[in-house]
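> got a sequence here, can you build the structure:
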Amino acid sequence: MAATALIFSLLAIAPTRQRAQQRGNASPASAAVSQHRVALVIGNQAYRQIRALENPVNDAKLMAATLRALGFDVIERFDQTKEQLEADFVLFRQRLRNGSVALLFYAGHGVQYGGRNYLIGTDMSGRFDEANATQGLLDIGAATQAVAEKSGLSIIILDACRNPVAALLKNNPKLADGFSEFSNAPAGTFVAYSTSPGKTANDGAGYENSFYTASLAANLRMIPSRIEDVFRRTQIEVEQNTREEAEKNPGVVKGTQVPWISSSLKTLFYFTPDEVAVSPLPPLFPASPLKSELMKTRSLKPVTFNVPRVNERGTLLSQLTGKANYFVEDARGVALEMNEIPGGRFMMGASAAEVGQAFNEAMRDGEIVDEETYENITTEMPQHAVNVKGFFMSSHEITQAQYAAVMGGLPNIAPQFRGPNFPVVNVTWNEASEFCARLSRLSGKLYSLPTEAEWEYAARAGTTTPFAFGPTITPQLAVYNSAVPFGLAPRGPLRKAMTGVGEISPANAFGLYDMHGNVWEWCADYWHTSYNSAPTDGSAWDEQEMIADDSDPEGAPDQSRVARGGSWASTATRNRSASRFRFFPTYRAASLGFRVVAR
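Numbers count the residues shown, from 1 in each chain. Now for the predicted structure:
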């Protein structure tokens, strides 16, 4: 992995594939940073009497450059002895003000001794002497305790324990490789470890950076970059990348590296803030021009419906009464109901906790945790605030009867998936867009595919849980592969086909049906592998992402389009409000359809 590429890229580059991406122009360096920020960055690799390492200095340089761009005053140190480490921490404390954000990044060897964690100075002896047990070792707990007492927020990042220090460990039961969890960490401390307790981390031999630092440096540049999102995305990427590397080089890499964190934070912290979220909340967006035109000739019709709420086990807790307004479009004699979706602000994407749960459940249920699974979960980040203007959305997926009336025929659909009230499937993005264009000409109104932000806003319908009905779904609430449930919901049958629109699904709070499951639904946007620099006004992301691979190192525009909502064949995880998928615009599938919006 080239460090220079990673400094200016958001997505960590998986070691089994190279990826170059074109991002928006927004830069963390230009973001207003209100806190005083100080970082101590150390890379130790030129050990004199124990095994030297390959990448800590590169890692420290990469992290220092990244943190400077994020507004940190960086103290950068390489190949430090214990005495030099002690002096580094004195200077670190001196640079802090009361309430500062203090960040320590250390790359190199680390070890446990007597249950405490130590950084290993380059002067560490190759022979363990019980009488001088801590020679060359700096007690990281004691050093950071003094820092935490002065700072308002302490962030400790340890990409250490690069490999077993075998000569030191032999016949020394008090000395153990890997770190233990910090005990009695002061409030306001966030500790991130590159690997699990007692385990070793991959040094990234053959690459310019360790797996952990490469991913972390990239994710720190997400916009916005909430601390939990940054480290959760890094965890999943490192776990995936080291799994692939272990499969590729089983004799060299020993298994999967799983980073972890320990946090006592009680407030939100962003490396780069969410400017929309911290701006004044706008009033409800005014009625759309379409509504104004409609009101001149007709009034919207009111409708009421039941909206179920369930707990984490899928047990029904309550039935709320929902209300919506709608109008009926005449699609050449076939009615098309369009519900009014009021404008507002919402948090788009999945939280760090939800992403972690989705990834862990995919592994638990035996799904193949391959590149596709990894990417489609981590692309739900960073979670960010979006302002969405009011619009109208079809209350159901476009049916085969509606499609045939407007288009004059149907795509090739297998017999078991046919039915006038079934969603139209096997329809490409281009054909769905053509449907919108023809319906616009017929009606005199502007119809289109929903933007991805509009789709998720409508799917959530004011909720923040993984599903519009609560923390999970059941076969009574959605059409999906319930043999692989989400959370504590019971297992159900394996679906073999979709159903008629609204046949099983109740409405969400906006009066929309089948937003979870039945068929995937095309959106207007081009696909992007994260929400870094995504539009925050609800508009479509019409800039293509540049993707490079071994056959095309320069990269080419990705033509893929976004689909949302999951399908009858998808596991519950894929049916969450935040879940996303990608298909080429010419792709067809028996689980892929669409719905429309009018603005």
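> give me phi/psi at residue 336?
phi -130, psi 110 (degrees, to the nearest 10).
> for residue 70, see how far away the nearest residue to it once chain neighbours are set aside is.
Sequence neighbours aside, residue 329 is the residue nearest to residue 336 in space, at 4.2 Å (criterion: Cβ to Cβ, 6 or more residues apart in numbering). For glycine as for every other residue, the C-beta is placed from the backbone atoms N, C-alpha and C. Taking Cβ to Cβ, to the nearest Å as the measure, residue 329 falls 49 Å from residue 70.
> what of residue 219?
Separation of residue 219 from residue 70 (Cβ to Cβ) stands at 12 Å.
> quick check on those two: which one has the bigger neighbour count.
residue 219 (27 against 20; other Cβ atoms under 10 Å).
> wasn't residue 157 part of a helix?
No - counting by DSSP: H, G, I helix; E, B strand; the rest coil, residue 157 falls outside a helix, being strand.
> that older thread, name the helices or strands packed onto the host helix or strand of the residue nearest to residue 336?
Using DSSP states H and E, residue 329 maps to strand 316-331. Helices and strands touching strand 316-331, by 3 or more Cβ pairs under 8 Å, 6 or more residues apart in numbering; DSSP states H and E, are strand 301-310, strand 334-341, helix 400-407, helix 429-443.
> sheet partners, orientation included, of the second one?
Strand 334-341 has the following sheet partners, assigned by DSSP bridges: strand 316-331 (antiparallel), strand 391-394 (antiparallel).
> how is the closest residue to residue 573 other than its chain neighbours assigned, secondary-structure-wise?
Excluding its sequence neighbours, the residue lying closest to residue 573 (Cβ to Cβ, 6+ apart) is residue 358, at 4.9 Å. Reduced to three states with three-state DSSP, the structure at residue 358 is helix.
> burial measure for residue 358, as a count.
25.
> could you do residue 323 as well?
For residue 323, using other Cβ under 10 Å, the count is 12.
> which of the three states applies to residue 256?
Applying three-state DSSP: residue 256 is coil.
> just checking, it touches residue 245?
No - counting by Cβ atoms under 8 Å, residue 256 does not reach residue 245; the two are 9.1 Å apart.
> these two: who's more crowded?
Between residue 256 and residue 245, counted using other Cβ under 10 Å, residue 245 has the larger neighbour count: 24 against 20.
> and that one, how far from residue 222?
24 Å.
> over to residue 579?
The gap separating residue 579 from residue 222 is 19 Å, by Cβ to Cβ.
> surely residue 580 touches residue 459?
No - applying Cβ under 8 Å as the test, residue 580 and residue 459 come out as separate, 11.2 Å apart.
> any shared contact partners between the two?
residue 564 (Cβ atoms under 8 Å, 6 or more residues apart in numbering).
> what's near enough to touch residue 582?
Counted by Cβ under 8 Å, 6+ apart, residue 582 has contacts 376, 527, 560, 561, 562, 563.
> skip the chain neighbours and tell me the closest residue to the fourth one.
Beyond its immediate neighbours in the sequence, the residue positioned closest to residue 561 (Cβ to Cβ, 6+ apart) is residue 429, lying 4.7 Å away.
> residues near the one you found, how many?
Neighbours of residue 429 using other Cβ under 10 Å come to 24.
> that one against residue 583, yeah?
Yes - applying Cβ under 8 Å, one finds residue 429 in contact with residue 583, separated by 7.2 Å.
> what do these two both touch?
Each of 522, 561 lies in contact with both residue 429 and residue 583 under the rule Cβ under 8 Å, 6+ apart.
> quick one on the thing from earlier: pick out the most distant pair among the contacts of residue 582.
376 and 561 (14.1 Å; Cβ to Cβ).
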